[in-house]
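A.B. asks: predicted model follows, preceded by the sequence.
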Amino acid sequence: MRLEDLTVTKPAPTPGDTSWFTHDRFGMFIHWGLYALGARHEWLKNYERIPTEIYDTKYFKHFDPDLYDPELWAKAARDAGMKYFVVTTKHHEGFCLWDSAYTDYKAPNTPYGRDVLTPMVDAFRSNGLRVGFYHSLLDWHHPDYTVDACHPMRDNEDYIAMDKDRDITRYVEYLHNQTEELLRRYDPVDIIWFDFSVGPNARFAGKGKETWRSEELLAKIRAINPKIIIDDRLQIDQDVKTPEQYMPDEWVKVNGTPVVWEGCHTFSGSWGYYRDEQSWKSVDQLLKMLIDGVSMGGNLLLNVGPTGRGEFDERAYERLRGIGKWMRRYSRSIYGCTQAPAEFECPRDCRYTYNPETQRLYLHMYSWPFGKIRLSGEVAEHVDYIQLLSDASEMRFHYNAENRTVDIPLPVYKPLGAEIPVLEIYLK
Ligand code: GLC
């Protein structure tokens, strides 16, 4: 088979511009809000059924991130090899990071006294990263937001009784206004990431695309920025599917068609800063999540939950540095790469990624086999030259036409500096 005739999967086209997105592959998610002070999950208001007055007396009144320096955040993301970031302009708690004209519930009115979003956008942009906004559809603070199954006051009969005076359409007006405000003020925003639609529930009506007036909202967004990438959680698929906290086992499909997708993951389980969480993933595990995603045509959006003083915690820095160390030598197997041609059989404990532009195939070795590694079948016919990606050292190989195999002898020990070794295979 000729190289040009191999089956390289391409995702279905979308309304926005995902060309940079499917090239860049790796972004930073940032969950930052008042919940950083609770330091025990961004859903704590819901989990602990905390009334707004108490939540605000504690957290709104004490939000003062004196060590906040977004330049440090942006550099940490850049040095880890991330090419875009998505920050929670507002999470479910309703607190706004920017100086919105539509609410008082915002960073400038806390003891910190300033908008925290503008300097963040500036810092990330000047470090070469694209800008995305996560914006919560849920709002546990807005006076017109009615109770649903995901509301902190879902068991509070007095609060529920007041729903008759709440008008969700006024809230939706606010949602639309703030979305437009964000997109205009920070134009061009590269990604808008809404979250999420509440399913129907026996006791309370769910909230979905009719409630949010999703169609209309999408039209307003596209009118401001036709290229913007929009996620799927307005209950209308747009540019990207967003599997959360699990790894798909094949390219994500909608009605059988492969689509643009991005897995979003945490370091430790929660999205907001969680001081006592001990379930931190290792650098090795996180890198394999990135590689696994790209090997199935997807992106990775990896989350950091900064502290109430405005810093990434040491555990996050340690992971980001580890990822950056690998990316410095290996990002060629990530950027511009996608799933390998369907005809290629991947050896055991390995993952392929493929760059269709340069026609190079990348073999990621999750374990170091003894003596040799063998490529069999169609792929063997296309091997032109092989090098170890870490140091461009030649890997000699033996092609056997009769068996359709390529054998690559390996040293007994994995070469130094080759953590998750990658073979760069030039195809012909
Ligand atoms: C969930 C959670 C949320 C988090 C998000 C990230 O929907 O509600 O806390 O922001 O996933 O994907």
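C.D. replies: Ah, there it is. Numbers count the residues shown, from 1 in each chain.

A.B. asks: show me what from the stretch 101-250 of the chain comes close to the ligand.
C.D. replies: By C-beta under 6 Å from any ligand atom, the residues of the stretch 101-250 of the chain that approach the ligand are 195-196, 244. Quick note: C-beta positions are derived from backbone N, CA and C, even for glycine.

A.B. asks: show me which of the residues you listed are buried.
C.D. replies: Buried members of these, scored by 16 or more other C-beta atoms under 10 Å, are 195-196.

A.B. asks: mind listing the helices for the stretch 101-250 of the chain?
C.D. replies: Here the stretch 101-250 of the chain has its helices, by DSSP state H, counting those that start in this stretch, at 117-126, 157-161, 168-185, 209-212, 214-224.

A.B. asks: for the residue nearest to the spatial centre of the chain, helix, strand, or coil?
C.D. replies: For the chain, the residue nearest the mean C-alpha position is Leu301 (1.9 Å; C-alpha atoms, centre = their mean). What DSSP: H, G, I helix; E, B strand; the rest coil gives for Leu301 is strand.

A.B. asks: for it, which residues make a bridge with it?
C.D. replies: Gly27, Cys264 (DSSP bridges).

A.B. asks: I figured it was touching Met28, is that so?
C.D. replies: Yes: Leu301 lies in contact with Met28 (C-beta atoms under 8 Å); the separation is 7.4 Å.

A.B. asks: common neighbours of the two, please.
C.D. replies: Residues touching both Leu301 and Met28 by C-beta atoms under 8 Å, 6 or more residues apart in numbering: Val86.

A.B. asks: Pro119 versus the residue nearest to Gly305 when sequence neighbours are not counted, what's the distance?
C.D. replies: Spatial nearest neighbour of Gly305, excluding adjacent residues (C-beta to C-beta, 6 or more residues apart in numbering): Tyr273 at 4.0 Å. Separation of Tyr273 from Pro119 (C-beta to C-beta, to the nearest Å): 19 Å.

A.B. asks: and Tyr274, by the same measure?
C.D. replies: 25 Å.

A.B. asks: who has more neighbours, the two?
C.D. replies: Tyr274 (23 against 15; other C-beta atoms under 10 Å).

A.B. asks: so who does the more buried one touch?
C.D. replies: The contact partners of Tyr274, by C-beta under 8 Å, 6+ apart, come to 39-41, 268, 305.

A.B. asks: can you redo the residues you listed as JSON lines with distance to Glu345, secondary structure and pLDDT?
C.D. replies: JSON lines is the format used below for those (distance: C-beta to C-beta, whole Å; DSSP: H, G, I helix; E, B strand; the rest coil; pLDDT from 0 to 100):
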{"residue": "Ala39", "distance to Glu345": "47", "secondary structure": "coil", "pLDDT": "98"}
{"residue": "Arg40", "distance to Glu345": "47", "secondary structure": "strand", "pLDDT": "98"}
{"residue": "His41", "distance to Glu345": "43", "secondary structure": "coil", "pLDDT": "98"}
{"residue": "Ser268", "distance to Glu345": "36", "secondary structure": "coil", "pLDDT": "98"}
{"residue": "Gly305", "distance to Glu345": "40", "secondary structure": "coil", "pLDDT": "98"}
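
A.B. asks: closest to Arg166 among those residues?
C.D. replies: Comparing the contacts of Tyr274 against Arg166 with C-beta to C-beta places His41 closest, at 26.0 Å.

A.B. asks: helix, strand or coil for the closest residue to the closest one other than its chain neighbours?
C.D. replies: Spatially, and ignoring its direct neighbours in sequence, His41 is nearest to Ser270 (4.6 Å; C-beta to C-beta, 6+ apart). What three-state DSSP gives for Ser270 is coil.
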